[in-house]
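# Curious how this folds, go ahead:
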Amino acid sequence: MRRAFDVIGTCMRRAFLGLLAILPIASPASAEPALWVAKSGNATFYLFGTIHLLKPDADWRAPKIADAFAQSGTLWLEMAEGTQGQIDQSFIWKYGKDPAHPLYTKLSVPERQKLRAAAQKVGIAPVTFDSLRPWLAALTLSKAPLQQAGYQGEAGVDNQLLNQAKAANKKVLGFETVEQQLRFFADLPPEMELALLTQTIDGIDAATDQLDQLAGAWLAGDVAALDTMLKGADSAVGDKRLRKVLLADRNAAWAERIATLAHDGGTHFVAVGAAHLTGTDSLLTLLQRRGFTVARL
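Next up, the predicted model:
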């Protein structure tokens, strides 16, 4: 279960991307990920959408990003604790395991067979899933093919920024705690939990290609492509409640926090998953509604 939650942000995206057709997005000749600036009074917030898993050789540090980071006194991440995969195992037991109700008892016979086949395909012993709740089984299963393709949590943008901030003695703060993030999944209704696992199993063969395309669009700063992926995937999931829980509600909470911070001024670098900066309920849109001036750099 080590570093099981390096994939947490990716699985949030995959909840929407599970059945979406692959978009033909080429890798950019030079990386230019999207960066925005939001201002209110004497406060400046650089807003950077991240990818939580990347290949170690991905080059994303455009000069404008480096400049914005250097100007910022504080780095804000989705969560500051546990960002590098050091999750308290007690939380995993509390929210992710259910040995009294083995996973196979929650699945139909065909679903059990599909889970077994998917696990074997990515090199995980099927017995590994027996004590896991469906949401944790989905995350664990999602991670394996991405690792095999060379994606690493340690290479994720969040971890790289965290290490850079520590080296520069910048303050690092998080919008959420590890426990809060786990509960986004653990508090899902049982049918949504099972749906997440089913979508993960069905999409196991396409998972790496999907992340390749997502990473390509992100590196190119192709916000329109990212938005198209997410919009199309909403209908693929068939239940917009998941988007509300994992994106919309969190965006609203973060916008409120940023609006409060703005009263004290200062310059902040906000790095959150790229999906939070696309769509009509994005963090950018919510800040504009609160009176911030928002512009892409």
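
# ok so A295 is a strand residue?
Yes. Under DSSP: H, G, I helix; E, B strand; the rest coil, A295 sits within a strand.

# Who is it paired with across the strands?
V37 (DSSP bridges).

# Would you confirm that it contacts T44?
No. The criterion here is Cβ atoms under 8 Å, and A295 misses it with T44 at 11.3 Å. Using the backbone N, CA and C atoms, a C-beta is placed for each residue, glycine as well.

# what residues do the two have in common as contacts?
V37 (Cβ atoms under 8 Å, 6 or more residues apart in numbering).

# Would you mind telling me which of those two has the busier surroundings?
T44 (18 against 9; other Cβ atoms under 10 Å).

# So which residues of the stretch 151-297 of the chain form helices?
157-167, 178-186, 190-202, 207-219, 223-237, 241-243, 249-262, 283-289 (DSSP state H, counting those that start in this stretch).

# ranking those by burial, who's on top?
helix 207-219 (a mean of 21; mean count of other Cβ atoms under 10 Å).

# so for it, what's the average pLDDT?
Helix 207-219 shows a mean pLDDT of 82.

# and if you look at stretch 192-202?
On average, stretch 192-202 scores 89.

# same question, stretch 42-50
Mean pLDDT, stretch 42-50: 96.

# Buried residues, that stretch. List them.
43-50 (16 or more other Cβ atoms under 10 Å).

# how close does the residue lying closest to D212 once chain neighbours are set aside get to I201?
What sits nearest to D212 in space, not counting adjacent residues and going by Cβ to Cβ, 6 or more residues apart in numbering, is A149, at 7.8 Å. Distance of A149 to I201, computed by Cβ to Cβ, to the nearest Å: 18 Å.

# What of K114?
For K114, the distance to I201 (Cβ to Cβ) stands at 5 Å.

# Then G266?
With distances taken as Cβ to Cβ, G266 is found 46 Å from I201.

# before we move on, the earlier item: please name whichever of the helices of the stretch 151-297 of the chain is nearest to K97.
Nearest to K97 among those is helix 178-186 (10.4 Å), distances taken as Cβ to Cβ.

# Okay, angle between that closest one and helix 249-262 too, please.
Calculated by axes from the mean of the first three to the mean of the last three Cα atoms, to 10 degrees, helix 178-186 forms an angle of 150 degrees with helix 249-262.

# now for helix 178-186, which elements pack on it?
helix 89-96, helix 134-148 (3 or more Cβ pairs under 8 Å, 6 or more residues apart in numbering; DSSP states H and E).
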